[in-house]
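1. I'd like to go over a predicted model; first the sequence, then the structure.
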Amino acid sequence: MVSIAAIQASTPRDDELKTLIQRHSAALAGQLQAHHLSTFPPNAEKGIRNFSPAETAKLLGITEGYLRQVATEMPDDLSTTSTGGRRSYSVEAIHQLRKHLDTGARGHRRYLPWRTKDEQLQVVTVMNFKGGSGKTTTAAHLSQYLALKGYRVLAIDLDPQASLSALFGHQPELDVGPNETLYGAIRYDDERRPTAEIVRATYIPDLHLIPGNLELMEFEHDTPKALMTRAPGDTLFFARIGQALSQVQKLYDVVVIDCPPQLGFLTLSALTAATSVLITVHPQMLDVMSMNQFLSMTGELLDEISRAGASSHYQWMKYLITRFEPSDGPQNQMVAFLRSIFGDHVLNHPMLKSTAVSDAGLTNQTIFEIDRSQFTRSTYDRALESVEQVNAEIETLIKKAWGRVS
């Protein structure tokens with residue numbers, strides 16, 4: 001029989017556990033910082049690759065022949081010639097070409113598809129209760145796709161783990177200081193800042209970012225106290241993100257929010273601010289069971305805050321199948337199961353599982369950023385096609401919300 005003393009002797013004390021966790025945290029932080037410095041040297045800025053004439057023409061919605069004609073109309077040659085004699089265009093050049101094309105569009109915003117004053121700001125919350133569902137990857141690719149198509153996009157990292165920020169080149173523990181997350185604009189005290197002060201430009205024109213870090217957890221801790229000491233006229237927690245976005249809404253067409261994988265006050269506030277909800281789901285039984293709990297809890301909590309005065313401007317909710325393997329029989333059965341329950345709330349196109357996307361993530365890149373020469377043509381093209389099909393479907397939903405026919 002094992003004595004209590006023996007058990008106590010073999011069980012780490014609280015202070016030993018604390019020391020172990022702190023040591024592991026310091027070691028991991030050091031290695032991550034070393035990895036970041038090796039990937040991005042101290043004075044380097046994260047960027048995005050150039051695009052071929054074919055890719056540029058596709059992004060602009062014109063033919064390559066017309067692209068060559070438009071390029072000759074510009075005062076300077078916007079293309080870049082590589083050592084192999086291949087021409088390419090930077091995102092800045094594509095942006096200039098788009099503005100030039102729009103100038104000659106006879107008053108119609110065909111190439112700069114910005115919303116009009118009568119079209120509502122679209123706020124897309126990307127969410128799931130379970131980590132590993134592709135939520136952040138989806139938010140990053142959606143933000144970049146829309147910006148590359150000419151929309152004015154604000155990406156918000158609402159996850160304290162701040163993976164979206166890292167994808168955009170902002171290390172949460174190094175590059176994001178106190179009061180520089182959305183918490184700075186939604187906090188309850190006198191240190192609250194205007195939203196415009198925490199917005200950052202990115203390496204893609206008209207794509208801006210509000211980064212995240214662990215500071216966002218302060219909102220989860222502050223809100224219960226604020227509910228107990230609330231003064232008349234104070235904005236309740238569920239309306240604070242919407243209130244913050246109202247300060248900058250004229251500057252953007254679409255806001256993409258990467259929510260934390262939990263149902264806290266941040267997520268509920270993001271849901272209240274949302275005009276649309278995108279739920280990512282990996283087609284495996286455990287993930288679907290987790291999503292069932294997530295939907296049940298979300299429904300109950302939204303019911304509670306609606307009684308407290310929360311209102312939403314919901315226009316659509318969709319499920320996105322992520323990390324899908326078409327040759328996997330059980331996954332196909334699960335997708336069919338989800339479609340039988342949710343019908344057309346499931347997006348037509350799934351996000352395929354791809355080594356190109358996962359390998360790009362190892363260096364904090366997206367499929368739009370990584371050099372296609374690192375993969376076989378079929379691997380890269382298959383991944384890019386999947387990403388573009390998913391995001392084109394979401395773009396169509398956004399345009400339908402504005403009442404646009406195409």
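-> Cool, the structure landed. Worth saying up front: this structure is predicted, and the values here are computed from it rather than measured.
2. only C-alpha atoms for contact and neighbour calcs from this point on.
-> Fine.
3. can you pull the contacts of V153?
-> S143, L146, A147, D206, L207, H208, Y252, D253, V254, V255, V256 (Cα atoms under 8 Å, 6 or more residues apart in numbering).
4. By pLDDT, rank those and give me the bottom one.
-> Looking at these by pLDDT, the weakest one is D206, with 93.
5. Wait, that residue touches R152, no?
-> Yes: assessed by Cα atoms under 8 Å, D206 is found in contact with R152 at 4.8 Å.
6. which residue sits closest to I94, ignoring its sequence neighbours?
-> T56 (6.8 Å; Cα to Cα, 6 or more residues apart in numbering).
7. Would you list the phi and psi of R200?
-> phi -120, psi 140 (degrees, to the nearest 10).
8. can you pull out the helices in the stretch 301-406 of the chain?
-> 329-342, 355-362, 377-401 (DSSP state H, counting those that start in this stretch).
9. Distance-wise, check R23 relative to L263.
-> 30 Å (Cα to Cα, to the nearest Å).
10. If you count surrounding residues, which of these two has more?
-> L263 (16 against 12; other Cα atoms under 10 Å).
11. And that one, what's its pLDDT?
-> Confidence score, pLDDT, at L263: 87.
12. if we look at the strand or helix carrying the residue nearest to I94, which residues are touching it?
-> If you go by DSSP states H and E, T56 is part of helix 53-60. Residues outside helix 53-60 that contact it (Cα under 8 Å, 6+ apart): T63, E64, L67, R87, S88, Y89, I94, R98, Y111, L148, K149.
13. give me the number of residues near the fourth one?
-> Pointing back at R87 there. For R87, the count of nearby residues is 15 (other Cα under 10 Å).
14. which SS state does S143 fall under?
-> helix (DSSP: H, G, I helix; E, B strand; the rest coil).
15. coming back round to it: now, the contacts of V153 that are in helices?
-> Per DSSP state H, helices hold the following members of those: S143, L146, A147.
16. For the stretch 51-200 of the chain, which segments count as helices?
-> Taking DSSP H, counting those that start in this stretch as the test, the helices found in the stretch 51-200 of the chain are 53-60, 64-73, 91-103, 135-148, 163-167, 172-175, 183-186.
17. And the longest one, how far out from the chain middle?
-> Just to be clear, that refers to helix 135-148. From the chain centre to the centre of helix 135-148 is a distance of 5 Å (Cα atoms, centre = their mean, to the nearest Å).
18. Could you pull out the buried residues of that helix?
-> Using 16 or more other Cα atoms under 10 Å as the test for burial, helix 135-148 gives 135-148.
19. now the fifth one
-> By 16+ other Cα under 10 Å, the buried positions in helix 163-167 come out as S163, L164, S165, A166, L167.
20. among the helices of the stretch 301-406 of the chain, which is nearest T275?
-> helix 377-401 (9.1 Å; Cα to Cα).
21. Tell me which other helices or strands that closest one touches.
-> helix 135-148, helix 355-362 (3 or more Cα pairs under 8 Å, 6 or more residues apart in numbering; DSSP states H and E).
22. repeat that for 10 Å
-> In terms of contacts (3 or more Cα pairs under 10 Å, 6 or more residues apart in numbering; DSSP states H and E), helix 377-401 is packed against strand 122-127, helix 135-148, strand 276-281, strand 316-321, helix 355-362.
23. If you compare the directions of the first one and helix 135-148, what angle comes out?
-> Spelled out, that is strand 122-127. Inter-element angle recorded for strand 122-127 and helix 135-148: 160 degrees (by axes from the mean of the first three to the mean of the last three Cα atoms, to 10 degrees).
24. what does the third one give?
-> With the same axes, to 10 degrees as the criterion, the two stretches strand 276-281 and helix 135-148 enclose an angle of 140 degrees.
25. What pairs with strand 276-281, parallel or antiparallel?
-> strand 122-127 (parallel), strand 316-321 (parallel) (DSSP bridges).
26. wouldn't I257 be in contact with S165 here?
-> No: I257 lies out of contact with S165 (Cα atoms under 10 Å); the separation is 11.7 Å.
27. Deepest in the core, which of the strands paired with strand 276-281 is it.
-> Of all those, strand 122-127 has the most neighbours on average by mean count of other Cα atoms under 10 Å, namely a mean of 27.
28. May I have that one exported as CSV, CA atoms only?
-> C-alpha atoms of strand 122-127 as CSV (Å, rounded to 0.1, in the frame of the first residue of the first chain):
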residue,chain,number,x,y,z
GLN,A,122,-19.9,44.3,-43.5
VAL,A,123,-18.5,42.8,-40.3
VAL,A,124,-17.6,39.1,-40.7
THR,A,125,-16.8,37.2,-37.5
VAL,A,126,-14.8,34.0,-38.0
MET,A,127,-15.3,31.7,-35.1
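29. what's the burial count for T56?
-> 23.
30. if we can go back for a sec, residues shared between the contacts of I257 and S165?
-> T136, A140, A155, I156, D157, L158, D159, I210 (Cα atoms under 10 Å, 6 or more residues apart in numbering).
31. quick revisit: out of the ones in helices among the contacts of V153, who's nearest E325?
-> Closest to E325, out of all of the ones in helices among the contacts of V153 and judged by Cα to Cα, is S143, at 24.0 Å.
32. pLDDT below threshold where in this protein?
-> Judged by pLDDT under 70, the chain has its weakly predicted residues at 1-22, 25-45, 82-84, 104-109, 406.
33. Just give me the residue right at the centre of it.
-> A139 (2.4 Å; Cα atoms, centre = their mean).
34. Quick check: closest non-adjacent residue to it.
-> D258 (6.0 Å).
35. list the contacts for that neighbour?
-> 124-128, 135-140, 155-159, 162-165, 212, 267, 270.
36. circling back: of the helices of the stretch 301-406 of the chain, which is nearest T229?
-> Of the helices of the stretch 301-406 of the chain, nearest to T229 by Cα to Cα is helix 377-401, at 38.8 Å.
37. Any buried residues in the closest one, and which?
-> Those would be 380, 383-384, 386-388, 390-392, 394-395, 397-399, 401, for helix 377-401 by 16+ other Cα under 10 Å.
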